[in-house]
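Asks: got a predicted structure plus its sequence, pasted below:
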Amino acid sequence: MACRRRLCCKDYTVGWVCALPVELAAAQEMLDEQHENVPHDVDDTNIYTLGQIGEHNVVIACLPEGQMGANPAAAVALQMKAAFKSIRFGLMVGVGGGVPSEEADIRLGDVVISRPHIAHGGVVQYDIGKVTPRGVEQTGFLNTPPTILLTAIANLQANHVRQRCRLLEYFSNLNGLPAFAREDTGPDILFKAGYNHAGGADCGQCSKEGVVARQSRRQDVVVHYGTIASGNWVMRDADERDRTSMELGGVLCFEMEAAGLMNNFPCLVIRGICDYADSHKNKKWQAYAAGTAAACAKEVLSVIPTTEVAKSPTADDIITEQHRQYSNSAALKAYSVDDAAEDHRQYSQFATLNGHSHWVWSVAFSPDGKLLASGSRDTTVRLWDAAKGLALQTLEGHSHPVHSVAFSPDGKLLASGSGGGTIRLWDAAADWTPQTLRCHSDLVRSVTFSPDSKLLASGSEDGTVRLWGTAAGSVLRTLKGHSDTVRSVAFSPDGKLLASGSGDGTVRFWDVAEGSALRTLEGHLDLVRSVAFSPDGKLLASSSADMTVRFWDAAARSALQTLKGHSGIVHSVAFSPDGKLLASSSGDRTVRLWDTAARSVLQTLKGYSHPVHSVAFSPVGRMLASGSLNGKVKLWNTAAG
């Protein structure tokens with residue numbers, strides 16, 4: 001390291017906050033040059049490390065020993081901002097608990113960077129809210145990082161796509177320090193969510209049967225971008241971790257300090273994954289993860305030109321402007337679509353079906369309306385007496401969560417799509433004996449039958465749609481074109497068209513006979529969760545993580561209208577048999593019933609404690625079923641009353 005220089009407080013433009021001594025050590029080792037300290041206010045309790053990374057002058061401060069959480073972090077950041085008034089933005093850098101999922105292959109030592117989502121600013125505080133009849137709702141909004149940091153994220157991602165990642169190069173600064181050595185961390189073991197720690201300082205007593213089998217990976221460290229959940233307690237329960245993640249729309253990491261910074265210290269949050277936020281957590285990976293996070297933070301700074309930093313507003317100016325905008329928006333009266341729509345029907349809940357031990361992903365009625373099927377993360381399909389609300393049978397055989405269920409229109413088959421790329425066809429005439437279909441290379445998100453029951457369509461995480469012959473159980477066509485997961489598929493009433501909704505934010509129309517793409521519809525701002533044709537085939541509805549429902553003209557294949565009102569991801573849409581109603585289920589713990597002619601809300605069905613993932617009308621339209629992430633199915637009476 002070069003000889004130390006002394007600069008002025010006004011020369012420092014980047015603030016770096018960490019919570020643990022090992023995180024501070026990693027940050028200090030990232031400095032290309034360390035500076036002499038400068039005098040500061042005697043009432044300022046922070047101890048600063050000053051230095052240079054690239055051409056950026058950086059201030060580093062750590063929380064006091066033994067103090068964790070949002071309030072201590074906020075105190076450190078506010079004192080830093082007051083002492084160094086030229087700071088443009090901050091970096092909150094340290095360790096966190098990862099949230100592995102089918103969507104995100106997070107491993108120990110990986111790095112998560114906060115990235116804004118349509119519903120929040122990249123960090124969400126999960127332990128604060130208000131109690132309502134639907135349960136606890138998160139309140140407030142944490143600010144997004146400044147534009148200069150969001151631009152840096154985009155450039156960093158581009159560099160990584162081009163295989164120009166410098167993270168490991170910067171991590172090599174720590175090679176001479178044994179505490180940060182990868183070989184001392186031990187193995188990276190992920191246990192199933194339902195398997196708790198058997199006791200002891202490590203997992204030596206834990207059963208190997210509880211271990212999740214994962215494929216080896218070429219990259220030692222992967223950088224993930226998404227939502228970080230922040231709260232004032234340590235998350236160390238896998239079931240609660242997954243439940244909270246789903247309620248918030250999918251998070252990548254849990255930590256304890258960021259919520260204290262976002263609204264008072266414009267910053268980016270960078271977390272190295274040191275555990276899986278479960279009962280098996282220990283500190284063996286802490287130093288290594290702190291090192292990868294620090295190296296990633298240095299790489300972020302490396303893509304930010306100092307000329308752009310100089311032109312950027314100070315952190316104080318950013319906060320002042322955000323407060324002004326908030327005050328202006330708060331003065332405006334919110335307009336509720338519920339208040340605008342005349343509620344001329346009443347819909348009442350008449351049964352709650354308990355039995356699943358985990359989230360219910362999908363619900364579907366049989367063609368005669370006598371049966372209801374539900375697919376769950378507990379890997380089972382359950383059959384219920386729809387009229388009485390009683391459990392009839394549990395279909396077992398899947399080894400992964402069941403994401404989708406659908407009855408064939410002739411009532412002879414029930415299809416279920418699951419992880420591992422498998423589909424099961426359950427034969428009603430043979431006491432639901434299954435046939436297993438395998439062809440997808442990743443989990444199956446959606447299944448649906450053609451109107452004549454001769455075809456089955458499946459959408460998968462592998463980005464393809466497959467058309468199967470139900471008689472032979474063989475693949476007839478593979479439809480390619482989406483650049484991300486195919487989350488939903490639906491046949492038109494005449495069976496000539498197939499619609500698919502994808503994580504790439506588009507809806508595609510396909511010619512079933514030719515197996516060719518007809519048109520790609522764009523407009524949603526986030527991934528498409530569900531698609532459904534109206535009974536007359538004139539409309540297609542789609543729902544999205546952008547919290548909207550869209551109506552499309554199925555013949556012209558063009559956009560008609562966007563329906564807004566939900567305050568969370570809209571997971572599912574379904575038309576009533578007469579086509580007059582559209583039901584939408586959402587992460588905001590409600591089901592909305594829309595008048596398809598007026599395109600307005602008729603009623604909002606409440607009473608859910610968790611996000612509602614699936615909704616379906618009975619064949620005659622008198623009942624509505626919904627599946628929720630509390631593992632329960634609700635039945636509603638939709639007869640006019």
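Replies: Here it is on my side, so go on.
Asks: tell me which residues are up against stretch 434-447.
Replies: The contact list for stretch 434-447, computed with Cβ atoms under 8 Å, 6 or more residues apart in numbering, reads 102, 395, 397, 400-401, 403-406, 415-427, 456-462, 464, 466, 468, 473, 475, 485-489. Glycine gets a C-beta too; all of them are placed from N, C-alpha and C.
Asks: just checking, next helix/strand downstream of the host helix or strand of residue 298?
Replies: Using DSSP states H and E, residue 298 sits within helix 286-302. For helix 286-302, the following helix or strand on the C-terminal side (DSSP H and E) is helix 306-311.
Asks: output the lowest mean pLDDT helix or strand found in the chain.
Replies: helix 337-340 (a mean of 33; mean pLDDT, DSSP states H and E).
Asks: show me what the helix holding residue 298 is packed against.
Replies: strand 14-18, helix 21-29, strand 48-53, strand 89-98, strand 111-114, helix 147-161, helix 167-171, strand 267-275 (3 or more Cβ pairs under 8 Å, 6 or more residues apart in numbering; DSSP states H and E).
Asks: what's the next secondary structure element after the second one?
Replies: This points to helix 21-29. On the C-terminal side of helix 21-29, the nearest following helix or strand under DSSP H and E is strand 33-35.
Asks: which elements pack onto the very next helix or strand once past the least confident helix or strand of the chain?
Replies: Next helix or strand after helix 337-340 toward the C-terminus (DSSP H and E): strand 348-353. Counting contacts by 3+ Cβ pairs under 8 Å, 6+ apart, strand 348-353 packs against strand 633-637.
Asks: so which bits of the strand it packs on are buried?
Replies: Across strand 633-637, burial judged by 16 or more other Cβ atoms under 10 Å covers 633, 634, 635, 636.
Asks: got the contact list for it?
Replies: With contacts defined as Cβ under 8 Å, 6+ apart, strand 633-637 is touched by 347-353, 356, 360, 363, 372, 374, 384, 386, 389, 591, 605, 607-608, 622-628.
Asks: and the angle for that strand with strand 348-353?
Replies: 150 degrees (axes from the mean of the first three to the mean of the last three Cα atoms, to 10 degrees).
Asks: output strand 633-637 as PDB, restricted to C-alpha atoms.
Replies: C-alpha atoms of strand 633-637 as PDB (Å, rounded to 0.1, in the frame of the first residue of the first chain):
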ATOM      1  CA  VAL A 633     -57.800 -23.900  -0.200                       C
ATOM      2  CA  LYS A 634     -60.800 -21.600   0.200                       C
ATOM      3  CA  LEU A 635     -64.100 -22.100  -1.500                       C
ATOM      4  CA  TRP A 636     -66.400 -19.200  -2.200                       C
ATOM      5  CA  ASN A 637     -70.100 -19.200  -3.200                       C
END
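Asks: which residues touch the residue positioned nearest the centre of the chain?
Replies: Centroid-nearest residue in the chain, with Cα atoms, centre = their mean: residue 250, separated by 2.2 Å. When contacts are counted by Cβ under 8 Å, 6+ apart, residue 250 touches 101, 103, 104, 226, 227.
Asks: and the closest residue to residue 62 other than its chain neighbours, what's its pLDDT?
Replies: What sits nearest to residue 62 in space, not counting adjacent residues and going by Cβ to Cβ, 6 or more residues apart in numbering, is residue 24, at 4.1 Å. You'll see residue 24 listed with a pLDDT of 98.
Asks: same check on residue 257?
Replies: pLDDT at residue 257 comes out at 92.
Asks: the nearest residue to it once chain neighbours are set aside: neighbour count?
Replies: Nearest non-adjacent residue to residue 257, counting by Cβ to Cβ, 6+ apart: residue 73, 3.7 Å away. Neighbour count of residue 73, defined by other Cβ atoms under 10 Å: 27.
Asks: from the contacts of strand 633-637, list just the buried residues.
Replies: By 16+ other Cβ under 10 Å, the contacts of strand 633-637 give 347, 351, 353, 356, 360, 363, 372, 374, 384, 386, 389, 591, 605, 608, 622-628 as buried.
Asks: out of the residues you listed, which sit inside strands?
Replies: Using DSSP state E, 351, 353, 360, 363, 372, 374, 384, 591, 605, 623-628 are the members of these that sit in strands.
Asks: so residue 535 makes contact with residue 493?
Replies: Yes. Counting by Cβ atoms under 8 Å, residue 535 touches residue 493, with 6.1 Å between them.
Asks: give me the neighbour count for the closest residue to residue 587 other than its chain neighbours.
Replies: Distances taken as Cβ to Cβ, 6+ apart place residue 568 nearest to residue 587, at 3.2 Å, with adjacent residues excluded. Residues near residue 568, counting by other Cβ under 10 Å, number 21.
Asks: what's the separation between residue 568 and residue 284?
Replies: Remark: distance between residue 568 and residue 284 (Cβ to Cβ, to the nearest Å) = 37 Å.
Asks: do residue 410 as well
Replies: The value you get for residue 410 to residue 284, if Cβ to Cβ is used, is 57 Å.
Asks: same check, this time on residue 121
Replies: Using Cβ to Cβ, one gets 32 Å for the distance from residue 121 to residue 284.
Asks: which residues does residue 498 bridge with?
Replies: residue 491, residue 510 (DSSP bridges).
Asks: please read the previous query as pertaining to residue 423.
Replies: Per DSSP bridges, residues listed as beta-bridge partners of residue 423: residue 417, residue 437.
Asks: that one against residue 415, yeah?
Replies: Yes. In this structure, residue 423 is within contact of residue 415 by Cβ under 8 Å, at 6.1 Å.
Asks: who has more neighbours, the two?
Replies: Legend: neighbour count by other Cβ under 10 Å for residue 423 and residue 415, higher for residue 415 (29 against 25).
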